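Participant: Just to be clear, the model below is a prediction. Sequence and coordinates:
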Amino acid sequence: MNLPILKAIEIKKTYPGKPPVEALKGVSIEVNEGNVVALLGPNGAGKTTFVKIITGLLLPDGGDALVRGYSVTKQRHRALSQLVTVLEGDRNLRFRLTGLENAEFFVALSGRKFDKKRCMELADRFGLADAMNRQVRTYSKGMKQKLSVLIAFLTDTPLILLDEPTLGLDVEASNELIEVIKEGADAGHAILITTHEMHIAQKVSTHVAIIKEGKLVTYQRTEQLLELFRYREFLIKVRPNDIELEFPMLRKVESNDNFATFVLDTAEPSDVYQVIDMLRSKNAEILEIVRRQPDLEEVYLRIVKGGGVSNA
Amino acid sequence: MLRLAWVYLKTNVKEMLRYPFEMVNMYISLILIFGGIFLGIKAFAPSVGLETNKAGFFLGYMLWTFYLFTANSASWTIYSAATMGYLEREFSSPFGHTIIVVIKIITDNLASLIHYLLIAILMILIFGVDLKLDVIGTIGLVLAAYPFFLGVGLIFAGLALNVKRIGSFISLVQIIFMFLAFVGGGRLSPKVVSIVRYFPYLQALRVAKAITIRGVRWPELFVSNDFMTLLLTSLISFVIGWMFFRAMDRQAMRKGVVGHY
């Protein structure tokens, strides 16, 4: 049986202080080969604490994380040899070294052998081949980010953690990075990404994990999560535009010169029929009823505001 | 691990050469401090007898600069990695942070060795120090004192990891060490001497005095009590520094303050 590449078991962490801050209240998660998990959550939800514990920067108060079966608390060195992290911002490179020198340095730091040929192949794939002999301080933000991710793939560990990998990148650079991440997952890496950019998470992830107030409120396949909400939301366009209606989980989202748009948040077809009847009783003309496909950003906001999938 | 040490050495030398302004400033500062004290004593306190013991004075100063290179580079290693941003990457290296810091200090010192020797030659030429030293004995002295300097460096690095800004504390210790280098343990009161008797830095100065003043040569030097005591206390200091750093490392992990500057 294949071991999960990452298995977090009931991780707890409280930061001391007055009052103490309970950052993680028992988070469990399993990440397997080929998974790209988008770890989402509002600021202060506990994402960074979670990533810091996995990468050995922080000791948990309870629980453990196993990377390829090695405990980050009890077999720290072995566990850390199975993963590489690209931290958010300018924290992954030495600016006075060239791209090639950085690659050699950080691969050696991870205890791996530097393969210059493969490095240049990857650089070619990342569009950095011509810049590899230049000092990193001359790179643009996008180039630095791409080099950091290149080094992570070059290190070739089973688990790759990417903290806000597309932050501050232009659309083109973001899309290139997304492709590279997908290729990495296809090659068998397990990739954990933290991001606030929902469209990126939607494009790149196979799974979505949402942490809120130190608890994991959702963890499932991205398409399943979106599907779950697809059947729960109906868009109803009616005329006249000033019509008002009171119904549980019904909200008016738009009112223009010609029509009003309501969103009905339900999984029950009978609710839809009830609303139609109520609209007709008010002599409203129903222009359109469609099942809506919310994007990840909407799903995320509803889960975070509602407290979880079951309450959404 | 050797591969990592080699990569650190290569990258340290390259970075050093790419910051030439820093390098030139360091040369000028170290030569000026030596010149200031050396010429100052000659001018205002001729009774100190510097003329007859220029080599001893020089060796004391070089021990102090060696301490500077080692201990300072340890805290600098933490500070610069934190400010340049890759401290967390080093911290989560599978080699373990203590090993990484020791490798960094040693390779940093090796990279600085060329500067160190160049500074020594420049000072000899500028101030006319007539140096007749037992080279093997002097190398032995430096190697025996090195674990002590590493130990102090690890203590500084551990403090820098948790307390963060320790620049003024490092400066204070620097001044104390400089004071000891020039005054020597022998001029302290007997009460103080009895307290700091086994302090490796004073032991190192005592061995330096044996080489420069008494002219003890290496076969005899290496079996002397002073040398053996220096070696032993120096190694103990390294172990203490290592344990202190590991405890501080653990503390930083518990508090979650790695990389917060």
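Facilitator: Sure, I can see it. Numbers count the residues shown, from 1 in each chain, chains lettered A, B, ... in the order given.

Participant: Off-centre distance for the strand or helix carrying B:Leu63?
Facilitator: Using DSSP states H and E, B:Leu63 falls within helix B:54-67. Relative to its chain's centre, helix B:54-67 lies at 11 Å (Cα atoms, centre = their mean, to the nearest Å).

Participant: ditto for stretch A:211-222
Facilitator: The answer for stretch A:211-222 is 11 Å, by Cα atoms, centre = their mean.

Participant: Please apply the same query to stretch A:13-26.
Facilitator: 23 Å.

Participant: And the average pLDDT for it is what?
Facilitator: Averaging pLDDT along stretch A:13-26 gives 87.

Participant: same thing with stretch A:270-281?
Facilitator: pLDDT averaged over stretch A:270-281 gives 90.

Participant: list the buried ones in that stretch?
Facilitator: Judged by neighbour count using 16 or more other Cβ atoms under 10 Å in any protein chain shown, the buried positions of stretch A:270-281 are A:271, A:274-276, A:279. Glycine gets a C-beta too; all of them are placed from N, C-alpha and C.

Participant: Establish whether the helix or strand containing A:Lys12 and chain B are in contact.
Facilitator: Using DSSP H and E, the element containing A:Lys12 is strand A:6-15. Yes. Remark: strand A:6-15 sits within contact range of chain B at A:Tyr15, by Cβ under 8 Å from any Cβ of the partner chain.

Participant: Check stretch A:78-92 too.
Facilitator: Yes. Counting by Cβ under 8 Å from any Cβ, chain B has neighbours in stretch A:78-92: A:78, A:80-81, A:85, A:87, A:89-92.

Participant: Including neighbour count and secondary structure, could the residues you listed go into a markdown table?
Facilitator: Output for the residues of stretch A:78-92 next to chain B, formatted as a markdown table (neighbours: other Cβ atoms under 10 Å in any protein chain shown; DSSP: H, G, I helix; E, B strand; the rest coil):
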| residue | neighbour count | secondary structure |
| --- | --- | --- |
| A:Arg78 | 15 | helix |
| A:Leu80 | 25 | helix |
| A:Ser81 | 20 | coil |
| A:Thr85 | 27 | strand |
| A:Leu87 | 23 | coil |
| A:Gly89 | 14 | coil |
| A:Asp90 | 15 | coil |
| A:Arg91 | 19 | coil |
| A:Asn92 | 25 | coil |
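
Participant: if we can go back for a sec, the helix or strand just after the helix holding B:Leu63 - what's its average pLDDT?
Facilitator: Going down the chain from helix B:54-67, the next helix or strand is helix B:73-84, by DSSP H and E. Computed over helix B:73-84, the mean pLDDT rounds to 74.

Participant: Please put the alpha-carbon coordinates of helix B:73-84 into PDB.
Facilitator: Taking C-alpha atoms only, helix B:73-84 is exported to PDB below (Å, rounded to 0.1, in the frame of the first residue of the first chain):
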ATOM      1  CA  SER B  73      30.300  35.800  11.400                       C
ATOM      2  CA  ALA B  74      28.100  33.400  13.500                       C
ATOM      3  CA  SER B  75      25.700  36.100  14.500                       C
ATOM      4  CA  TRP B  76      26.000  37.800  11.100                       C
ATOM      5  CA  THR B  77      25.200  34.500   9.500                       C
ATOM      6  CA  ILE B  78      21.800  34.400  11.200                       C
ATOM      7  CA  TYR B  79      21.200  38.100  10.800                       C
ATOM      8  CA  SER B  80      22.100  38.300   7.100                       C
ATOM      9  CA  ALA B  81      20.200  35.100   6.200                       C
ATOM     10  CA  ALA B  82      17.200  36.500   8.000                       C
ATOM     11  CA  THR B  83      17.300  39.900   6.400                       C
ATOM     12  CA  MET B  84      18.100  38.500   3.000                       C
END
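
Participant: Can you list the helices and strands that it packs against?
Facilitator: helix B:87-91, helix B:97-127, helix B:135-163 (3 or more Cβ pairs under 8 Å, 6 or more residues apart in numbering or on different chains; DSSP states H and E).

Participant: For B:Ile211, give me its contacts.
Facilitator: B:59, B:133-134, B:137-138, B:141, B:221 (Cβ atoms under 8 Å, 6 or more residues apart in numbering or on different chains).

Participant: Of those, just say which sits nearest to A:His189.
Facilitator: Lowest distance from A:His189 to those (Cβ to Cβ) belongs to B:Leu141, with 51.7 Å.

Participant: A:Thr14 versus the closest one, what's the distance?
Facilitator: Taking Cβ to Cβ, to the nearest Å as the measure, B:Leu141 falls 51 Å from A:Thr14.

Participant: same question, B:Met178
Facilitator: In terms of Cβ to Cβ, B:Met178 sits 45 Å off from A:Thr14.

Participant: Give me the below-cutoff pLDDT ranges for the stretch 151-261 of chain B.
Facilitator: B:182-188, B:259-261 (pLDDT under 70).

Participant: How about the residues of it by chain A?
Facilitator: B:250, B:253-256, B:258-259.

Participant: what mean pLDDT would you report for stretch A:138-145?
Facilitator: Across stretch A:138-145, the per-residue pLDDT values average to 86.
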